[in-house]
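>>> The following block contains a protein sequence and its predicted model.
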Amino acid sequence: MASVSKRRVCYFYDSDVGAYQLAPGHPMKPHRVKMTHSLVVNYGMDKKMNVFVPNRATFREITKFHEDHYIDFLRRVTPENLETFEKHKEMYGIWEDTPAFEGAYEFCSISAGGSIGAAKKLNGEADIGINWAGGLHHAKRGGASGFCYVNDIVLGILELLKTHNRVLYVDIDNHHGDGVEEAFYTTDRVMTCSFHKYGDEYFPGTGDIHDIGVGKGKYYSVNFPLRDGIDDETFKSIFRPVITYIMNWYRPGAVVLQCGTDSLAGDRLGTANLSERGHGACAKFLRTFNVPMILLGGGGYTPKNVSRTWCYETSVAIGIDLPETLPYNDYFEYFGPEYSIHVRPTNAENKNTREYLDKTTVHILENLRNICHAPSVQMQEVPVDHFSDEEDELEDDLDDRQSRVYHDTHVAYDNEIDPSDDESRAHPANKRRRRNRRNHRNSPNPDSKTERTTRHSNANTNQKEDFGFKDERRDKETVVPFTAFSSKNETKAEK
């Protein structure tokens, strides 16, 4: 590893990412990644790190976690032919909030390719990897959920596990990282730690403090449920002790930090009150442990705040300070009237009392004391991948794909920036949606000697490495209202 002050940083960006649109007026806007990149380049940070265009993830790579039939559906479905898949929509989580959209598979392959690529670079070639198009933490093995279609995080972690005994996943998105937790709920090789809003029917309705994992994964899922309005200092006071204990006791070989920015002040769908510095302080603190780390995107529905924060966190990864005034960039007028890197907190009430936070912190630390110190995992040689990249590319070329017709020179696409981007306007919501679920009781036990052997041999047969899925408290399928996505900050942002 490089010194704490200087790190080898690799940064993944595909210029086509801004070309995709989930639906007119939809709060998830992929062009926020392009806005971030414009700031990064105009601050000159691209010259201080290795910049890569990610290889788009292949069907074979994506189905190392996801079900083949689901990804095949994702490749074929479009808004025009959705009616022909009527009976599959509910099965695969395609709803008004997570719609079928043109180029969905291509967008997902960009997102997943960046996270897989960052993980590969982290396995010896870089100290920090960045993929702001990634971090889509709600996607499940067999379907979409919460604006997320392919779980690039799980795919990246599976790549890291080829080299590292243990991986820590930290999630600071305002929504619980349910898809990642679910994927690794029964193993001790991945610890998941999520700080998120919980309660009031807030999506996805999971992430209770008592959700701690099962089987060999018991105590390796950490959830810190939060109330509305948490600010920088309060968040710092809970993040540091929990992460310090985990880093010193679990001793991960690599860290993945999901930097969802819907925990920023004034986010359209968020309830927290963090500034860009309070948000970025999490990356800065994890960086001090000198452990290989991947920074990923995630939620964030006020694009000008999302892009400023991810730009700032890129500077944290590199280890430089940025001028407060934004440089001229492709979206400069959009950042007025302040034209500043800062995201200002609001006067929202912090409902997280000191008593509640201290009690929750103590409870979590008590749970963590039950885990073994730096659990030992017998590492086996990673089997040779008998499928070449050329074969993967040939397989994908057989698909009828959307061609790359968008280029960096085309700055603003039709409807790329629209009035709905403003934090004072929320996405209309009047539908109810149902979350996908899996039952860990019906999954193979990843802790048995037989299953561990099978998992390590799966790379030769192109089978998935099955870590099991959680389903405690889910025998009854709960319905989470789509209105859980609606903004809690409309009145707050207008003040």
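That came through, no problem. Residues are numbered from 1 along each chain as shown.

>>> Wait, L155 touches K64, no?
Yes. Counting by Cβ atoms under 8 Å, K64 is a contact partner of L155 at 6.5 Å. C-betas here are computed from N, CA, C, even on glycine.

>>> the more surrounded of the two?
The neighbour comparison of L155 against K64 (other Cβ atoms under 10 Å) goes to L155, with 25 against 19.

>>> Which secondary structure state does the more buried one sit in?
Assigned with DSSP: H, G, I helix; E, B strand; the rest coil, L155 falls in the helix class.

>>> oh, and call the first residue 18 from now on, that's how I've got it
Let's use 18 as the start, then, which means that last one is L172.

>>> Please tell me how far it sits from I111.
Applying Cβ to Cβ, to the nearest Å, the value for L172 to I111 is 21 Å.

>>> again with P47
Counting by Cβ to Cβ - P47 and I111 are separated by 18 Å.

>>> ranges for the helices of the stretch 18-167 of the chain?
For the stretch 18-167 of the chain, applying DSSP state H, counting those that start in this stretch gives helices covering 48-59, 76-79, 85-93, 103-106, 121-139.

>>> Is N240 part of a helix or strand, or is it coil?
Secondary structure for N240, judged by three-state DSSP, is strand.

>>> The nearest residue to it once chain neighbours are set aside and E78: what is the separation?
Spatial nearest neighbour of N240, excluding adjacent residues (Cβ to Cβ, 6 or more residues apart in numbering): G224 at 4.6 Å. G224 sits 28 Å away from E78, going by Cβ to Cβ.

>>> So for the two, which sits in the more crowded spot?
Counting neighbours by other Cβ under 10 Å for G224 and for E78 shows that G224 has the greater number, 25 against 22.

>>> does the more buried one really touch H193, like I thought?
Yes. Between G224 and H193 there is a contact under Cβ under 8 Å: 3.2 Å.

>>> Mutual contacts of those two, please.
Residues touching both G224 and H193 by Cβ atoms under 8 Å, 6 or more residues apart in numbering: S211, H213, Y215, N240.

>>> What's the end-to-end length of stretch 141-159?
Using Cα to Cα, to the nearest Å, the end-to-end distance of stretch 141-159 comes out at 32 Å.

>>> same question, stretch 111-129
One end of stretch 111-129 to the other measures 19 Å (Cα to Cα).

>>> mind listing what's buried in stretch 279-298?
Neighbour-count burial for stretch 279-298 flags 279-298 (criterion: 16 or more other Cβ atoms under 10 Å).

>>> what's the average pLDDT for it?
Averaged across stretch 279-298, the pLDDT comes to 99.

>>> Can I get that stretch as PDB, trimmed to CA atoms?
C-alpha atoms of stretch 279-298 as PDB (Å, rounded to 0.1, in the frame of the first residue of the first chain):
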ATOM      1  CA  ASP A 279     -29.600  11.000  -0.500                       C
ATOM      2  CA  SER A 280     -28.300  11.500   3.000                       C
ATOM      3  CA  LEU A 281     -27.300  15.000   2.000                       C
ATOM      4  CA  ALA A 282     -29.200  18.000   3.200                       C
ATOM      5  CA  GLY A 283     -32.200  18.900   1.000                       C
ATOM      6  CA  ASP A 284     -32.200  15.700  -1.000                       C
ATOM      7  CA  ARG A 285     -35.600  15.200  -2.800                       C
ATOM      8  CA  LEU A 286     -36.000  11.700  -1.300                       C
ATOM      9  CA  GLY A 287     -33.800  11.900   1.800                       C
ATOM     10  CA  THR A 288     -34.400  12.800   5.500                       C
ATOM     11  CA  ALA A 289     -30.800  13.500   6.700                       C
ATOM     12  CA  ASN A 290     -29.000  16.800   6.900                       C
ATOM     13  CA  LEU A 291     -25.300  16.200   6.000                       C
ATOM     14  CA  SER A 292     -23.100  18.600   4.100                       C
ATOM     15  CA  GLU A 293     -20.600  17.400   1.500                       C
ATOM     16  CA  ARG A 294     -17.900  17.500   4.100                       C
ATOM     17  CA  GLY A 295     -19.800  15.500   6.700                       C
ATOM     18  CA  HIS A 296     -20.600  13.000   4.000                       C
ATOM     19  CA  GLY A 297     -17.000  12.900   2.700                       C
ATOM     20  CA  ALA A 298     -15.700  12.600   6.200                       C
END
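
>>> so how far is that stretch from its chain's centroid?
Stretch 279-298 sits 15 Å away from the centroid of its parent chain (Cα atoms, centre = their mean, to the nearest Å).

>>> So H181: helix, strand or coil?
In three-state terms, and counting by three-state DSSP, H181 is coil.

>>> gap between it and S162?
27 Å.

>>> Likewise for Y236?
25 Å.

>>> neighbour-wise, which of these two wins?
S162 (27 against 16).

>>> Not counting its neighbours along the chain, what's nearest the more buried one?
Using Cβ to Cβ, 6+ apart and skipping the chain neighbours, the partner closest in space to S162 is H155 (4.3 Å).

>>> what's the burial count for the one you found?
Neighbour number of H155 under other Cβ under 10 Å is 27.

>>> low-confidence ranges in this protein?
Counting by pLDDT under 70, the chain shows low-confidence ranges at 18-22, 392-512.

>>> Could you rerun that using 80?
Regions of the chain meeting the criterion pLDDT under 80 cover residues 18-23, 390-512.

>>> show me what contacts the residue nearest the centre of the chain?
The centroid of the chain falls nearest to G152 when counting by Cα atoms, centre = their mean (1.9 Å). By Cβ under 8 Å, 6+ apart, the residues touching G152 are D169, I170, D190, Q275, C276, G277, L313, G314, G315, G316.

>>> Let me know the closest of those to V333.
Nearest to V333, judged by Cβ to Cβ, of the contacts of G152 is C276 at 10.0 Å.

>>> correct me, but the closest one touches G316?
No. Counting by Cβ under 8 Å, C276 does not reach G316; the two are 9.4 Å apart.

>>> Tell me which of the two has more neighbours.
The neighbour count for C276 versus G316, taken as other Cβ under 10 Å, is higher for G316 (30 against 27).

>>> From Y351, how far out is V308?
Separation of V308 from Y351 (Cβ to Cβ) stands at 36 Å.

>>> Compare those two (neighbour count), which wins?
Neighbour count, other Cβ under 10 Å: between V308 and Y351, V308 has more, with 18 against 15.

>>> Apart from its chain neighbours, what residue comes closest to L243?
K214 (5.5 Å).

>>> what's the neighbour count on G141?
Neighbour count of G141, defined by other Cβ under 10 Å: 8.

>>> If you could redo that for C165, that was the one I meant.
Count around C165 with other Cβ under 10 Å applied: 25.

>>> Report the contact partners of it.
The contact partners of C165, by Cβ under 8 Å, 6+ apart, come to T115, L153, H154, H155, A156, G196.
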